[in-house]
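Chemist: have a look at this prediction, sequence included:
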Amino acid sequence: MPRFDPALYSFHTETPDSETYRRLRAVSGLSPKSEEAARRGLPNTLHAVIARFQGRTVAMGRVVGDGGAFFQVVDMAVEPEHQGQGIGKAIFAALVDWLRETAPDSAYVSLVADGEARHLYAQFGFEPVMPASIGMALRIRRD
């Protein structure tokens, strides 16, 4: 796998703006989020990291939760033309470093691993919760 050139990318501890957030979710294959969902959700970010290429945000990852007992890694997204270079891995590593420094003893950190991303997350100690637990979801849809 080619590695990113640090001279071309910059990483920032920063929550993406709504437009960038929605764009990155869409182009990376994540489910779309409405403007209202983004506007209401993004300010509740506990920690976020973005990557910029030539000044443009091309990747992101966020941590949400209650700040004590429960944390969830969400919105791991990299523009397709920047995938496969380790940018997502660098963002995920920064999020995990923050969690290890910030989250208190007994905190539960979860995520939903789509497809092959589970292999990346496993490198950082994340394990499947089945068969003891099973992930479940409810998506709210408004017409």
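Modeler: Received the coordinates, thanks.

Chemist: for the chain, give me the ranges with low pLDDT.
Modeler: 1-4 (pLDDT under 70).

Chemist: quick one, strands of it?
Modeler: Counting by DSSP state E, the chain has strands at residues 9-13, 47-53, 56-65, 70-78, 108-111.

Chemist: how about those in a markdown table, adding distance to residue 139?
Modeler: All C-beta atoms are positioned from the backbone trio N, CA, C, and that covers glycine. As requested, the strands of the chain are exported to a markdown table (distance: least, CB to CB, whole Å):
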| stretch | distance to residue 139 |
| --- | --- |
| strand 9-13 | 29 |
| strand 47-53 | 22 |
| strand 56-65 | 16 |
| strand 70-78 | 14 |
| strand 108-111 | 17 |
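
Chemist: residue 20 is nearest to which of the ones you listed?
Modeler: strand 56-65 (4.8 Å; CB to CB).

Chemist: strands paired with that closest one, and their directions?
Modeler: strand 47-53 (antiparallel), strand 70-78 (antiparallel) (DSSP bridges).

Chemist: thought residue 38 was touching residue 24?
Modeler: No. Using CB atoms under 8 Å, residue 38 is not in contact with residue 24; the gap is 10.8 Å.

Chemist: dump the strands of the chain into CSV; add distance to residue 99 and mean neighbour count as well.
Modeler: Formatted as CSV, those follow (distance: least, CB to CB, whole Å; neighbours: other CB atoms under 10 Å):
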stretch, distance to residue 99, mean neighbour count
strand 9-13, 13, 14
strand 47-53, 8, 21
strand 56-65, 7, 21
strand 70-78, 6, 21
strand 108-111, 6, 15
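
Chemist: understood, closing this out.
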